[in-house]
Every structure is written in C-alpha cells, then in structure tokens.
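Novice: After the sequence you'll find the predicted model.
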Amino acid sequence: MSPPASRFGTQNVILALCAPVLFLIFWHVSTAGRAFSLIPPPLEVGKQLWDLAFGGVWDDLYSATLLEHAVASVSRVYGGFLLAAACALPLGMLIGRVALVRATLDPTLQLMRPIPVTAWLPLAMIVFGIGPTSAFFLVFLGAFYPMLVNTIFGVRNVEPRLFEAAVMLGVSPSALFWKVVLPASLPSIFTGLRLGLGFAWVVIVVGEMTGVQTGLGAIIMEARQLSRTEIVISGMIAIGLLGYVSDYLVQLLGKRLLRWSPQHG
Amino acid sequence: MAEPLNILDITHVTKRFDFQGTQIVALSDASLTIRKGEFVCLIGPSGCGKSTLLRMIGGFETASEGRLAMWDTPIGKPGPDRGMVFQDYGLFPWLTVAKNVGFGPAARGRPSAEVAETTKRFVDMVGLTRFADAYPHQLSGGMKQRVAIARVLANEAEVVLMDEPFGALDAMTRENLQQELLEIWERTRLTVIFVTHAIEEAILLADRIVVMSPGPGRIVADEHVELPRPRDPTDPDFNALRRHFSGMLGHH
C-alpha cells in the first residue's frame, strides 16, 4: 500500500528535483561564458526550445515547428507500437499455449531476437525505401520482441493449481483460456507493453535517421549536420518528456487493470 | 428410495507413477465406501497415498487399477459435484472475494441474479461480508481458506475434498476454522473427505478415521469415532483415542 500522497508527495517532489537541478547547475557552470564551448549552456537551449515550440526568437526554418515534429514522431511511435502489439500478443499467446506453434516459430524468432534493431536499418532502407515506412518498421521491430517475450512468459507460467481450481468449479476446457490464462498472464503482458512502448521511443530516433523530413529524430540528425547543438538537445528533451508522459499513461492504465496484483495495484 | 446408500465406492484402487524410469506404487489395492453426509479423515505420514486417493476422487488423477464411483457412476474428470479445497488455496488473484465465491455458478451459466444471491449467502456464511470486495492478496491465510471453502459450497458440491486445508495456518486460526467447518458441516450435512497428518485434528473432526501407511501406500485401518460432539481435546476419552491412533501410526 502506498503512503498517502498528501504527506509524502511534497517531499518526493523535492527529492526528485534534486538530481536535475544539480545537473543543470553543473551544466551551466561548465559551459556558460566560454567562447569555444561545443555544448551550449542551458539558457541557450531553453531559448531554443521556446523558439522551436512557439517561435518569436530566431524566426528561422525551425521556429514553431516542434508540434509538427512531435506529432510525426508520436504517430510513428504509437502506430508501430500498436501494430507490434497486435502481432506480438496473439503470437505470444499461441507460442506459449500451443506446442505445435511453439515448435514451428519459436526457434526462428529466438534466433532473430539478438539482432539489434539498428542492424536492420540498412536492410529496412532497401526494402521499404528511404522514408517514414522504414522508421515505422524499426519502431515495430523494437517494440515487438519485449511484448512477445513477456506474453510467452506470462501465458506459460500460469500456476497449474488455477487450472485445477477452474476445472473443479465447472469451467469447460475451451473456456480456460479466457477464464484463467488471459487474466493470470495480464501482469506479464502489461510489463511487455510498457517495455515495448519504451523501446519504441528509443528506436524512433534511429528510425527517423532514414531520410525522413519530419519527426524529432529527423530534426536531431539534421541539426547535428548543421552544428545546431542546442536544437539537438531541445529534441532530446522533447523525446524525454513525451516518452515519460506516454509511460505514465500506460502505468495509469495498468493501475486500473491490475488493481488485484500486489506488484501493480 | 432408489438412491443408493453409498455416495462413494472405491474398490481395489491402485495407483502407480513412473518416476525416472522406475515404477512407484503410490497407492495399493485401496477399498473404501463412504456414506452420504459422513465426515471422513484420511490420516497418515507423507507418502502413504492419502493425497493421491483424494486427488483420484477429485478426478485430477486416474487410477491404474480398480474403480472409483460416485452414486454408482464411474468418476471421470474433475467437476462441481466434488469440490476441492487446496492447502495453497488456489484462489483466482484477479477476482474479488465475492467473484471468487461466485466463480463456479457464473462459469456454469447460472442467471446473474441467482449468482449474486448465492454469492452473498456463502460470503456471509464464512463471515467475510466486510471483505467481499477485497482481493486475495489483501487477505490472511485463514480468510483465503474461508473463501476457498465458500466457493465450493456456493457451487453446490456434494462432496467436499479437503487436502490438508489448515496445514499452512497458525494454531489459533486453525482451531477457529475447524470449529467453523464443523458448524457448516452440521448445517449442510455435506460429505467431507479431509486429508491430514494431524491426529488431533482428525479426532476432533471426523465420524470416521481411515489410517494409511506408506511403502507402498495403503489403507491399514478404518475406524469410527464414537465420541460425542462437540469434542474436547482435553477429555480423557479423546486422549485415549489419540494414543490409540498414535500407536497405529508409530508415533511415540
């Protein structure tokens, strides 16, 4: 049981802010006022982030484009993630519960699993061409395996006692999947979803290196070539915040669905 | 009355397991008849086949030889007529107390109004009204076992099979649950088959004690307990019985 928020909330917020504030101070002290610093000081980055979001500071090619890029990245992240979930969850359940499917598909999938998503980049560009489809594919691949592995683990590790209890209470064999397997493996499946979404955000930058015009990954790579390091850092901050918010939303969903689980509720 | 007297007929049942290439005889030539409404304790040390016998009655294992029948019909798969209470509870952690109790009736497609009414009746019977909406992980061991008992009663079990149900509980909780179980049994007159290795528990609860022995597992005695109820463990007659069964089990 978590302690009441009112008593510990403020304290936790202060504790959580310690590390970033110290980091900002360190960053400022080591970069501000130096003529040839390759890393811009935090205030410069702040100004750039503002310009990127709302314009009115530099009014250049990048001003007020943040929303457009964020929307492009978010749609690829969630698109790839949802497609990966739509494939990984049913496939994981089949591999976990049906011996024939497991024997047929599991070795191949496990053999491909150690290949890093980044290694797929050249191949993806050949197959899907230069553009958003490659990015989408890489996000899909990055999100797919954590969800698949956790789903298989979840459906394979249902306590045998629960099957005995269900059958003894009159559940027919065909209903066991819905009545026992699915709810019992929900915590694992959920862990897979959360990891998968996290990986989707990791992969998006690599995915958007494939010559797409929009997206947070795209402006990071473009700004790197133009040596606009403050834009690079602004893009990083935007990805960090969006990833954090999306993980928070997934956790809220988990708290609702898994109220019964001592690890989640 | 065409109804046969014996609810359970177990005749010449043997159970063999394959264990790393060798055959283990878990139960050898066991015969037992149980009458409707009887409270029978199966007692014996580990490896005497008492749990195996219980699990065969439940339908979780099949006999290698012999015949198990309920109301003269051979026992097949597990079913609601034989409710099992496991030592490790086997509750569904994702369901509340009420939903766990109503699980059987709901799974068998009873109308929802009936399910709700049955659920309430049996949650009340085991004294968990205030915890109806709690999840199993929020309950103590004793409360979990009350839920496990309520759900087989709610499912109209005719025979309640209990596999060392109070073995994992502390002494105080165990005594309370023994009393509650006796009260429920006296009210419902269900047939109870109760596996235990505690002699005192068996004498306190049972109409009949079936003593089993290992190597190979077999039935060595089958005796009625004639002590009047409610029974008092400090009573001299109770103690005499305890000594009697202790001697039989080789305890000192």
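Specialist: Right, received. Where do you want to start? Numbers count the residues shown, from 1 in each chain, chains lettered A, B, ... in the order given.

Novice: By residue count, tell me the biggest helix in chain B.
Specialist: Criterion DSSP state H: the longest helix present in chain B is helix B:171-188.

Novice: State the number of residues packed around residue A:259.
Specialist: 12 (other Cβ atoms under 10 Å in any protein chain shown). C-betas here are computed from N, CA, C, even on glycine.

Novice: circling back to that earlier point, for the longest helix of chain B, packing partners?
Specialist: Contact here means 3 or more Cβ pairs under 8 Å, 6 or more residues apart in numbering or on different chains; DSSP states H and E; on that basis helix B:171-188 packs against helix B:141-154, helix B:199-205.

Novice: Adding distance to chain A, mean neighbour count and mean pLDDT, write the ones you listed out as TSV.
Specialist: Putting the helices and strands packed on helix B:171-188 into TSV (distance: least, Cβ to the nearest Cβ, whole Å; neighbours: other Cβ atoms under 10 Å in any protein chain shown; pLDDT from 0 to 100) gives the following:
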stretch	distance to chain A	mean neighbour count	mean pLDDT
helix B:141-154	7	24	95
helix B:199-205	22	22	95
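
Novice: Would you mind giving the ones you listed as JSON lines with distance to residue B:17 added?
Specialist: Listed next are the helices and strands packed on helix B:171-188 as JSON lines, based on distance: least, Cβ to Cβ, whole Å:
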{"stretch": "helix B:141-154", "distance to residue B:17": "26"}
{"stretch": "helix B:199-205", "distance to residue B:17": "26"}
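
Novice: Show me which residues of the stretch 101-250 of chain B are close to chain A?
Specialist: B:103, B:104, B:107, B:108, B:135, B:136, B:137, B:151, B:152, B:155 (Cβ under 8 Å from any Cβ of the partner chain).

Novice: okay, among those, which ones form the most distant pair?
Specialist: Greatest spatial distance among these (Cβ to Cβ): B:108 and B:137, at 26.4 Å.

Novice: Excluding covalently adjacent residues, which one is nearest to residue 49?
Specialist: Just so you know, I chose chain A. Leaving aside its sequence neighbours, residue A:49 sits nearest to residue A:234 (Cβ to Cβ, 6 or more residues apart in numbering or on different chains; 4.2 Å).

Novice: try again with chain B
Specialist: residue B:217 (2.5 Å).

Novice: pLDDT wise, what is that neighbour at?
Specialist: The model reports residue B:217 with a pLDDT of 92.

Novice: quick one: it and residue B:24, what's the gap?
Specialist: Distance, residue B:217 to residue B:24, by Cβ to Cβ, to the nearest Å: 9 Å.

Novice: and if you look at residue A:235?
Specialist: 67 Å.

Novice: Give me the more crowded residue out of these two.
Specialist: residue A:235 (29 against 13).

Novice: Quick check: the more buried one vs chain B, distance?
Specialist: 41 Å (Cβ to the nearest Cβ, to the nearest Å).

Novice: what does the stretch 51-200 of chain A have sitting close to chain B?
Specialist: Checking the stretch 51-200 of chain A against chain B by Cβ under 8 Å from any Cβ, the hits are A:159, A:161-162, A:164-171, A:175, A:179-180, A:183-184, A:186.

Novice: For residue 172, the count of nearby residues, please.
Specialist: Let's take chain A. Neighbour tally, residue A:172, other Cβ under 10 Å: 11.

Novice: looking at chain B here, not the other one
Specialist: If we define neighbours as other Cβ under 10 Å, then residue B:172 has 9 of them.

Novice: okay, it: pLDDT?
Specialist: 92.

Novice: ok, it to chain A distance?
Specialist: 25 Å.

Novice: which residues touch the residue nearest to the spatial centre of chain B?
Specialist: Centroid-nearest residue in chain B, with Cα atoms, centre = their mean: residue B:162, separated by 2.1 Å. Taking Cβ atoms under 8 Å, 6 or more residues apart in numbering or on different chains, we find residue B:162 in contact with B:84, B:85, B:192, B:193, B:194, B:195.

Novice: Make sure it is indeed in a helix.
Specialist: No: under DSSP: H, G, I helix; E, B strand; the rest coil, residue B:162 sits outside any helix and is assigned strand.

Novice: Mind listing what's buried along the longest helix of chain B?
Specialist: Buried residues in helix B:171-188, counted by 16 or more other Cβ atoms under 10 Å in any protein chain shown: B:173, B:174, B:177, B:178, B:180, B:181, B:182, B:184, B:185.
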